[in-house]
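Got a predicted model here, sequence first, then my questions.
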Amino acid sequence: MKFKIIIYTLLAGIIVSSCDKSKLEPIPQTFLSDAVAFSDSARCVQQINGLYAAIKTGQMLAGRYMVYQDVRGEEFINLTNNAVTAWLTWQFNLTASTNEVQGFWSACYAAINRSNVVIAGLSSAPINGTLKTNLTGEAKFVRAVSYFMLMQLYARPFSDGNGSSLGVLLKLNPETSGGNNIQARTTASAIYTQILADLNAAEAELPSTYANSTLTTTRAHKNTAIALKTRVHLNMANWASVITEGNKLVPTAAPWNASIGVANGLNASIAAVFTNYTTNESIFSMPFTTLNVPGTQNGLGWYHNPGPSGGGEFGLNLTGNGIAADPNWRMVDARRSFNQVTGTNTFVRKWPKAAADADWSPVIRYAEIMLNLAEALARNEAGTAVNARGLAILNAIRQRSDPTNPNFTPADKNALVALILNERRIELLGEGFRTSDIARTGSAFPAKGVVSSIAPGTAQYIWPISIAELLVNTACQQNPGY
């Protein structure tokens, strides 16, 4: 089979239009046949770099995905009423034609299709077998990431029907021309099965490490696949599998460092994690420089930084149910230093530079993996007992930033789970977890500002399917209520 493919670099930009189905296909700037595009190791690596470029676009992991995830929850108040920058997402007022609904769908399927093209091309590439295996693992990891993100916004949580509800479109073959548009959505279970199949294969195929700390943060390795599996299983409430995967990376006691592959671990300073982007805590991040920026109104710095360094789109919810107003989050906690006052508002300044500058976008941190494991251990404990290891992990996360805080002493299993969920809100604030944590626990989206609570059974609980897809794919089912 012959097909056309783009040669990208890791710092390449990508523009995805959501006007028609053809925009979901690769849009080559340089046309090459597969015989040339995968003709040697250097060109094959370029194709993998292109996959990372595809998921670090503005709509995806440059920042918008994290923002969409977070602002649907109660932690932030919209300050600008700007429909271009997630205001409609914040107020649960989306339609199938809203920009973010169309743009995110298109960006994800562009990345998925590119992954499919690369996987197919690598299968017959005349390159070293180990390199071919490693690169194939990276392509499968990118595909898994893209599908997981789609499921967090366009589909009901796995717990709603234990995976029997509608997922998204499952596409595993490269599409290099128009057509192949008519396809129904498959179940959530089928999508999660594919995500885990890709991640299991990736774990086996990926290298254990790379030559330097930059590559071990910006390219997937075995620990990266394992780490993402803990997140996927957590969202499926598969506690035993979270524990199995988490045990590969998290020891039974301090010091908290992985014993396999890259020496990922809990960094001594939370502040350093957001100034030195390649600490061992950073398992996977999207790199940016002043010459390779996420673009205006895309990067996390834009949304959370006020004034000349950003748009100041969302301030912290300092009243009522916002985590920033929680009196149990002590003022001496180092994570409070990220919450900086400007005028009458307070912003999360984990990304202190301008959106046009070099702040990286964190995707997977070791602290998250510890919390994933702690929650699974707590929930999987028999009866009402407090799991000692889960509690130790929780205390390690809290005392990393607040060393004078005494150990938590929850009364029972449920109290420990509640403490872990609350700690996730503090530790991962602004990093794109709130929607998933609300939905996977079957909770309502809390009221905030002028926005009312959104119950699990309502249409607005998830996003509508993009109108751009529906116009060309008559078999694709819209989410009920839209």
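Right, received. Where do you want to start? The model shown is predicted, which means the values in this text are computed figures rather than measured ones. Residues are numbered from 1 along each chain as shown.

pLDDT weak spots in the stretch 301-450 of the chain?
355 (pLDDT under 70).

and what of the stretch 101-250 of the chain?
Ranges of the stretch 101-250 of the chain meeting pLDDT under 70: none found.

can you give me the helices in it?
In the stretch 101-250 of the chain, the helices defined using DSSP state H, counting those that start in this stretch lie at 129-154, 188-205, 213-218, 222-235, 239-249.

Highest mean neighbour count out of those helices?
Mean neighbour count (mean count of other CB atoms under 10 Å) peaks for helix 222-235 among the helices of the stretch 101-250 of the chain, with a mean of 25. From N, CA and C alone the C-beta is placed, and that goes for glycine too.

Give me the angle between that helix and helix 188-205.
Angle, helix 222-235 to helix 188-205, by axes from the mean of the first three to the mean of the last three CA atoms, to 10 degrees: 160 degrees.

Convert helix 222-235 to PDB, retaining C-alpha atoms only.
C-alpha atoms of helix 222-235 as PDB (Å, rounded to 0.1, in the frame of the first residue of the first chain):
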ATOM      1  CA  LYS A 222       8.500   1.900  29.700                       C
ATOM      2  CA  ASN A 223       7.700   3.800  32.800                       C
ATOM      3  CA  THR A 224       5.600   6.300  30.800                       C
ATOM      4  CA  ALA A 225       3.400   3.500  29.600                       C
ATOM      5  CA  ILE A 226       3.100   2.000  33.000                       C
ATOM      6  CA  ALA A 227       2.300   5.400  34.600                       C
ATOM      7  CA  LEU A 228      -0.500   6.100  32.100                       C
ATOM      8  CA  LYS A 229      -1.900   2.600  32.700                       C
ATOM      9  CA  THR A 230      -2.400   3.500  36.400                       C
ATOM     10  CA  ARG A 231      -4.500   6.500  35.200                       C
ATOM     11  CA  VAL A 232      -6.600   4.500  32.800                       C
ATOM     12  CA  HIS A 233      -7.300   1.700  35.300                       C
ATOM     13  CA  LEU A 234      -8.200   4.300  37.900                       C
ATOM     14  CA  ASN A 235     -10.800   5.800  35.600                       C
END
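
which residues of the stretch 51-200 of the chain fall in strands?
Ranges of strands in the stretch 51-200 of the chain, per DSSP state E, counting those that start in this stretch, are 76-78.

Nearest to residue 105 among the helices of the stretch 101-250 of the chain would be which one?
Nearest of those to residue 105, taken as CB to CB: helix 129-154 at 7.1 Å.

how far off helix 188-205 does the closest one point, in degrees?
Going by the same axes, to 10 degrees, helix 129-154 makes 150 degrees with helix 188-205.

going forward, begin numbering at 19 instead of 1
Done: numbering now begins at 19, and the last item shifts to helix 147-172.

where does the spatially closest residue to residue 433 that is not a sequence neighbour fall, phi/psi-wise?
Leaving aside its sequence neighbours, residue 433 sits nearest to residue 404 (CB to CB, 6 or more residues apart in numbering; 7.7 Å). Note on residue 404: backbone dihedrals following degrees, to the nearest 10 are phi -90, psi 120.

What's the local residue count around residue 404?
For residue 404, the neighbour count with other CB atoms under 10 Å is 18.

do the same with the one 4 residues further on
Here the neighbour count serves as a burial measure; for residue 408 (other CB under 10 Å) it reads 27.

measure the residue lying closest to residue 292 once chain neighbours are set aside to residue 461 for me?
With CB to CB, 6+ apart as the criterion, residue 292 has its nearest non-adjacent residue at 4.8 Å, and that residue is residue 368. Distance, residue 368 to residue 461, by CB to CB, to the nearest Å: 25 Å.

Who has more neighbours out of the two?
residue 368 (22 against 15).

Which strand or helix spans the more buried one?
For residue 368, there is no host helix or strand (DSSP states H and E).

contacting residues around it?
Residues in contact with residue 368 (CB atoms under 8 Å, 6 or more residues apart in numbering) are 292, 318, 322, 356, 448-449.

Turn these into JSON lines, columns for neighbour count, secondary structure and distance to residue 253.
Converted to JSON lines, the contacts of residue 368 look like this (neighbours: other CB atoms under 10 Å; DSSP: H, G, I helix; E, B strand; the rest coil; distance: CB to CB, whole Å):
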{"residue": "292", "neighbour count": "18", "secondary structure": "coil", "distance to residue 253": "25"}
{"residue": "318", "neighbour count": "29", "secondary structure": "helix", "distance to residue 253": "22"}
{"residue": "322", "neighbour count": "30", "secondary structure": "helix", "distance to residue 253": "24"}
{"residue": "356", "neighbour count": "20", "secondary structure": "helix", "distance to residue 253": "26"}
{"residue": "448", "neighbour count": "26", "secondary structure": "coil", "distance to residue 253": "19"}
{"residue": "449", "neighbour count": "21", "secondary structure": "coil", "distance to residue 253": "16"}
